[in-house]
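Peer 1: Just the structure for this:
(one chain, ligands or ions: 3)
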Amino acid sequence: MQSITITAPDDWHIHLRDAEALERTVGDAAQQFARAIIMPNLVPPVMNAQQAMAYKARIQAHVPEGKAFEPLMVLYLTDNTTTDDIKAAKAAGVVACKLYPAGATTNSDSGVTDVQKLYPVLAAMAEQDVKLLVHGEVTDNHIDIFDREAVFIERTLAPLLKSVSGLKVVLEHITTANAVDFVKAQDSNIAATITAHHLLFNRNHMLAGGIRPHYYCLPILKRGDHQQALIQAATSGNAKFFLGTDSAPHATHKKEAACGCAGAYTANAALSLYAQAFEDANALDKLEGFASYYGPDFYGLPRNSHTVTLIKQPWQQPEQLSLGDSTLTPLLAGQTLNWALQA
Ligand SMILES: NC(=O)N[C@@H](CC(=O)O)C(=O)O
Ligand SMILES: [Zn+2]
Ligand SMILES: [Zn+2]
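Peer 2: Ligands and ions are numbered 1, 2, ... in the order given. Down below sits the predicted model:
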């Protein structure tokens, strides 16, 4: 049987939510990954060190017996974040802050309305070596949803990088050739995460032959040529591109709705999905760098010392998974996945 053994991977962008969701989300994440960057878009958001540490403890309480899983905590930047918040966060072990342009995505209403006003806070982050993680989309109604990432890069990210020096920035869940080209052209302080679903799918999967809400996430799936650029970047061995699932649970009834929520749940099958994408690109030998080396290297953390093995053994992605009192539909529900994580 074909198999591949790699250094244990980490997830550099995941949504675990809170309360009764944690049993599902933490269980799945800990099965697949040794560490994860925990997104702070709770309601209300994780805005200070104290909230981050309390959230971390709630996550840790749900790590299954016998599993080691380290949540890496992130603050949610608002118009009111101060340089003192950054110092306190750093002292508490928070590794990054997340910039959500207000209104850009799920639970981003408290996000930043004017990024320039935040430059002093970003400068404090650079000084303290707290990373900036960015949801890179503009929110203007008149900008086409398929162009929002490219416009954000030009209009917001490029000036930000020129104005705040020394800041380490991850452009999260990139979806376009524009983002790939931009990140490649910057110095080593700028990197990007790529999801499994943006490697495996393009907007045809979501829209041709019927509208498929479980493929709807933000930034939205783009044209096939953008997908090809992402595959090329992820499998190139360029250390600026690394794994971030953006696994984001929403109850099934909230996705299969007249106004469905944005987010794809991939945590329970993350490594199977990435292995498929890399195999399809004939690049399984590049999976370890992408999944297990470049993330910790960028964050200045040690690589994991244990390994995991993936075997080519078909299994069926469940139709539904429990999520507290509700159910969620994972990506590719009911379909056969070729790669399995060895227990
Ligand atoms: N990616 C998504 O479509 N949704 C994420 C938010 C985000 O990462 O933008 C969520 O929290 O549901
Ligand atoms: Zn996002
Ligand atoms: Zn996300």
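Peer 1: can you pull the pLDDT of Val94?
Peer 2: pLDDT recorded at Val94 is 98.
Peer 1: That one contacts Asn48, doesn't it?
Peer 2: No: taking contacts as C-beta atoms under 8 Å, Val94 lies outside contact range of Asn48: 9.2 Å. Bear in mind the C-beta positions are built from the backbone N, C-alpha and C, glycine included.
Peer 1: And these two? Which one has more around it.
Peer 2: Neighbour count, other C-beta atoms under 10 Å: between Val94 and Asn48, Val94 has more, with 25 against 18.
Peer 1: who touches that one in this structure?
Peer 2: Contacts here follow C-beta atoms under 8 Å, 6 or more residues apart in numbering; on that basis Val94 touches Ala49, Ala52, Met73, Val74, Leu75, Val130.
Peer 1: Next to ligand 1, which bits of this protein? Give me the list.
Peer 2: Applying C-beta under 6 Å from any ligand atom, we find that the chain lies next to ligand 1 at His15, Asn41, Thr105, Thr106, Asn107, His135, Cys217, Leu218, Asp246, Ala248, Ala262, Gly263.
Peer 1: what about Leu271, which SS state?
Peer 2: For Leu271, the assignment made with DSSP: H, G, I helix; E, B strand; the rest coil gives helix.
Peer 1: Begin at 57 from now on, thanks
Peer 2: Fine by me, first position is 57 from now on; the one you just mentioned is Leu327.
Peer 1: For it, give its distance to Leu366.
Peer 2: Using C-beta to C-beta, to the nearest Å, we find Leu327 at a distance of 6 Å from Leu366.
Peer 1: for Ala179, same thing?
Peer 2: Ala179 sits at a distance of 42 Å from Leu366 (criterion: C-beta to C-beta).
Peer 1: And Val239, by the same measure?
Peer 2: Going from Val239 to Leu366 by C-beta to C-beta gives 27 Å.
Peer 1: Mutual contacts of Leu327 and Leu366, please.
Peer 2: With C-beta under 8 Å, 6+ apart, Leu327 and Leu366 have common neighbours Trp395, Leu397.
Peer 1: Compare those two (neighbour count), which wins?
Peer 2: Counted by other C-beta under 10 Å, Leu327 and Leu366 do not tie: Leu327 has more neighbours, with 25 against 22.
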